[in-house]
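[1] with the input below, show me the fold.
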Amino acid sequence: MLEKIKHINPKEITDLAELQNLLVLFMNILESQAKQIDDLRTENEGLKNEIHRLKGEHGDLPPRQSNSITAKEEKPSKKRKNKNTKRGPKKGKIEIDKTVKVEIDKSRLPPDAKFQGYREVIQQDIIFKRNNTLFQIPLYYSKIEGRVYSGHLPSEYEGEFGGQLKSWIQLMHHYCDLTQGRLKCLMDNLKISISTGTISNIILSNKELMEQEAQQILRAGLETIPYTQMDGTKSWEKGQGKSTQIISTPCYSIYHTMDSKSKVDIIWALQGKPGQSPTLRYNYLAINLLASSTVPKKDQRLIEKLLSQDQDYTLHQLEVLLKTDAPHLLQKASYPKMLETLAFAYYLTQTEFPIVQDLICDAGPEYSGIARNQGLCWLHEERHYKKLIPKLKVHQLEVERVRGQIWDFYEKLLNFKKLPLQQQGQQKLVLYEEFDSIFTQKTIYQELNNRIEKTFSKKEKLLQVLHLPYLPLHNNCAELAVRRKVRKRDISLHTMSSKGTHAQDAFMSVVETAAKLGVNALDYLFDRITNKFQMTSLAELIRLNTF
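    From the prediction side, this is the model:
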């Protein structure tokens, strides 16, 4: 941009239009320079604080970014409905566990008083107390036989700690985010003698059972619900960085923590993470996908010689094979693409697990091409515009104008989803044309123009709802599920072992899904932990729902 003004001579400017164009150019240069100054100032403060911390001093918290647009200007033009507005009485929504008829002193009543019914008042309360049981087991000794006869413990006996206690610990750790240390304090307060190690063992117990439950939930969800939503967040395991992928809909949330957020790992997560590593397949589909990929032709020919047709490989098996016969392939930049192709070839041709057809996610490259149809989140896209904080008033007004157009268009898409099928067909072309009108316009703010061009490049994915009206316009469902994982990370920071990571993923998947389906998570955990299996499985409840 600076190149355009290097040779400007003010004395040679005589045309008003030329002067206006130059003014617009200078205003954009000013915005660009101001943004660079702000970024450098923030980076400089961060480096100063880090130096202070390395010296053993206290660094300041990073400054909060201030939006130059006033609060009044930031408010949307249309008044939104208050989400907290009460809708009808809540008494009918409260389940009653006990009914108590209150007595009245009839001596206070006049002689003509007649009974008119009851005035109902509901008091909500909870019982949470210690319930230790001492079993006295009869013992009889036979002198003739020289042996002791003992009574039998009841069938519900489960060792030193009962099923309710174990279920409460699992619920409070995985759903209420209590750490093991705080659980120990709670148990001590209730006069329950239990060590921190035992609490840890209880939390890690039943991992395999909950993993099976989570896999069944995912299978039922993919088979029943016509779309899937995904998002990811960073995780930690014993100080090592991991990535947690969340597969979600309004009926379930599944958590899978893996080494990275690569496409290979995401494909593995969508299969419920069977086995110890992703499965790879070399078949006709892999050959075709490789042919159209960026993997060099000579590497494709080498892979063809090394791998057997229609053969499945684990990631470890493939690495061992390549280390022996083609170690240079492991170091090549095209190796991850090759793995993606082999994983994708297996995923699309396997029949053991349902395949995702319609996916709602963000614009991350790791999600690209995984599903037949991919829709993007409009709220994600609009946030990019919200982050534009120009210094000049005229640019601020341009950003607000375009944001207003986006929200108006978003509302029209919501209305489109409610239209009868015939009217939807008539409305499609109108919405396509309006999208083009909004996202091909040019403004006097260059950074806003760049943002508009990027949105236009995502046209088909943002307008996927015009072809599949059942798709949501946002990815809030997955983002809220991610927030649960983030809050867990904020409190506990990280798990200490692979077993702990898998247990946390499995239990969080079960309790979060139970909450979405309106199932009492404590009762469900108790039913599964005690092997009663009297409650309908969460997977079956998903199948029984009508979508």
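[2] contacts and neighbour counts: CA atoms only from here.
    Fine.
[3] check the chain for its longest helix and report it.
    Taking DSSP state H as the criterion, the chain has its longest helix at helix 16-54.
[4] and that one, what does it pack against?
    The helices and strands touching helix 16-54, judged by 3 or more Cα pairs under 8 Å, 6 or more residues apart in numbering; DSSP states H and E, number zero.
[5] can you give me the strands for the stretch 351-500 of the chain?
    In the stretch 351-500 of the chain, the strands defined using DSSP state E, counting those that start in this stretch lie at 358-361, 373-376.
[6] mind checking how far the longest helix of the chain is from the chain centre?
    Remark: helix 16-54 is offset 34 Å from the chain centroid, using Cα atoms, centre = their mean, to the nearest Å.
[7] what do you get for stretch 307-321?
    Remark: stretch 307-321 is offset 32 Å from the chain centroid, using Cα atoms, centre = their mean.
[8] stretch 322-339 now?
    For stretch 322-339, the distance to the chain centre is 32 Å (Cα atoms, centre = their mean).
[9] span of that stretch from start to end?
    One end of stretch 322-339 to the other measures 12 Å (Cα to Cα, to the nearest Å).
[10] list the contacts for L290?
    Taking Cα atoms under 8 Å, 6 or more residues apart in numbering as the criterion, L290 is in contact with 300, 338, 341.
[11] counting neighbours, which of those comes out on top?
    Counting neighbours by other Cα atoms under 10 Å, T341 leads the contacts of L290 with 25 neighbours.
[12] quick check, nearest of the contacts of L290 to S107?
    Nearest to S107 among these, counting by Cα to Cα, is T341 at 86.5 Å.
[13] next one: the closest one from R281, what distance?
    For T341, the distance to R281 - Cα to Cα - is 9 Å.
[14] from the contact counts, what lies against the one helix or strand H502 maps to?
    In the assignment (DSSP states H and E), H502 maps to helix 498-516. If contacts are counted by 3+ Cα pairs under 8 Å, 6+ apart, helix 498-516 sits against helix 163-174, helix 196-204, helix 207-224, strand 252-258, helix 521-529.
[15] how about those, which one is nearest Q317?
    Among the helices and strands packed on helix 498-516, strand 252-258 sits nearest to Q317 (Cα to Cα), with 18.8 Å.
[16] between the closest one and helix 207-224, how many degrees?
    120 degrees (axes from the mean of the first three to the mean of the last three Cα atoms, to 10 degrees).
[17] where in the stretch 201-350 of the chain is pLDDT low?
    Residues of the stretch 201-350 of the chain meeting the criterion pLDDT under 70: none.
[18] that one: strands as residue ranges?
    Using DSSP E, counting those that start in this stretch, the strands of the stretch 201-350 of the chain run over 228-237, 240-249, 252-258, 279-282, 311-314.
[19] look up phi and psi at the closest residue to F135 other than its chain neighbours.
    The spatial neighbour of F135 that comes closest, neighbours along the chain excluded (Cα to Cα, 6 or more residues apart in numbering), is L153 at 7.6 Å. Dihedral angles of L153 (phi, psi; degrees, to the nearest 10) stand at phi -70, psi 150.
[20] from what I see, L153 and Q136 are in contact.
    No: using Cα atoms under 8 Å, L153 makes no contact with Q136, being 9.1 Å away.
[21] comparing these two, which residue is more hemmed in?
    With neighbours defined as other Cα under 10 Å, L153 and Q136 compare such that L153 has more, 11 against 8.
[22] neighbours of L134, just the number please.
    5.
[23] helix or strand: which one has it?
    Going by DSSP H and E, L134 is not in any helix or strand.
[24] give me the pLDDT value at it.
    L134 carries a pLDDT value of 93.
[25] and if you look at P89?
    Confidence at P89, expressed as pLDDT, is 63.
[26] cool, L23 as well?
    Note for L23: predicted pLDDT of 77.
[27] separation between it and L448?
    For L23, the distance to L448 equals 17 Å [Cα to Cα].
[28] next one: N206
    Taking Cα to Cα, one finds N206 at 53 Å from L448.
[29] quick one, which of these two is more surrounded?
    Remark: of N206 and L448, L448 carries more neighbours, 20 against 15, as counted by other Cα under 10 Å.
[30] list the single closest residue to the more buried one in space, sequence neighbours excluded.
    Nearest to L448 is V399, by Cα to Cα, 6+ apart, at 7.0 Å.
[31] and for T513?
    Nearest to T513 is Y252, by Cα to Cα, 6+ apart, at 4.4 Å.
[32] tally of neighbours for the one you found?
    27.
[33] show me the contact partners of the host helix or strand of M187.
    Taking DSSP H and E as the criterion, M187 maps to helix 180-189. Applying Cα under 8 Å, 6+ apart, the external contacts of helix 180-189 come out as 169, 173, 193-196, 199-200.
[34] tell me the mean pLDDT for stretch 55-68?
    59.
[35] could you do stretch 29-36 as well?
    On average, stretch 29-36 scores 83.
[36] separation between the residue nearest to F135 and Y140?
    For L153 relative to Y140 (Cα to Cα), the value is 15 Å.
[37] do the same with E352
    On the measure of Cα to Cα, E352 and Y140 end up 56 Å apart.
[38] may I have the phi/psi pair for the most far-flung residue of the chain relative to its centre?
    The centre of the chain is farthest from one residue, I144, which by Cα atoms, centre = their mean lies 68.6 Å away. Here is the backbone geometry of I144 (degrees, to the nearest 10): phi -70, psi -50.
[39] who's in contact with the residue lying closest to E213 once chain neighbours are set aside?
    Excluding the flanking residues, the one nearest E213 by Cα to Cα, 6+ apart is V510, at 7.0 Å. Going by Cα under 8 Å, 6+ apart, V510 touches 210, 213-214, 254.
[40] what's the answer for L388, then?
    With the criterion set at Cα under 8 Å, 6+ apart, L388 makes contact with 399, 448.
[41] mind doing that once more with 10 Å?
    By Cα atoms under 10 Å, 6 or more residues apart in numbering, L388 lies in contact with 35, 67, 395-396, 399-400, 447-448, 451.
[42] hmm, back to that, can you lay out the strands of the stretch 351-500 of the chain as a markdown table showing mean pLDDT?
    Below are the strands of the stretch 351-500 of the chain laid out as a markdown table (pLDDT from 0 to 100):
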| stretch | mean pLDDT |
| --- | --- |
| strand 358-361 | 95 |
| strand 373-376 | 94 |
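[43] ok, back up a step: what about the residue nearest to E213, distance to L218?
    11 Å.
[44] what touches both of these two?
    In contact with both V510 and L218: 252-254, using Cα under 10 Å, 6+ apart.
[45] nearest to A515 among those?
    Y252 (8.7 Å).
[46] which residues does that closest one contact?
    Taking Cα under 10 Å, 6+ apart, we find Y252 in contact with 214, 217-218, 220-221, 477-478, 481, 509-517, 538-539, 542.
[47] any idea what it is bridged to?
    T249 (DSSP bridges).
[48] cool, and L359?
    T228, Q374.
[49] what's the neighbour count on it?
    Neighbour number of L359 under other Cα under 10 Å is 24.
[50] mutual contacts of T341 and R281, please.
    Both T341 and R281 are in contact with Y347, where contact means Cα under 10 Å, 6+ apart.
[51] how far away is R41 from K428?
    According to Cα to Cα, R41 and K428 sit 47 Å apart.
[52] more neighbours: which of those two?
    The neighbour count for R41 versus K428, taken as other Cα under 10 Å, is higher for K428 (17 against 12).
[53] I'd guessed T224 sits against I542; true?
    Yes: taking Cα atoms under 10 Å as the definition, T224 is a contact partner of I542 at 7.4 Å.
[54] higher neighbour count, these two?
    With neighbours defined as other Cα under 10 Å, T224 and I542 compare such that I542 has more, 22 against 15.
[55] just the helices from the stretch 251-400 of the chain, written as ranges.
    With helices called from DSSP state H, counting those that start in this stretch, the stretch 251-400 of the chain shows them at 263-269, 284-291, 297-306, 315-325, 327-331, 335-349, 378-386, 393-418.
[56] about what we covered before: could the strands of the stretch 201-350 of the chain be laid out in TSV, adding distance to V100?
    As requested, the strands of the stretch 201-350 of the chain are exported to TSV (distance: least, Cα to Cα, whole Å):
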stretch	distance to V100
strand 228-237	47
strand 240-249	41
strand 252-258	38
strand 279-282	60
strand 311-314	63
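[57] cool, thanks, talk later.
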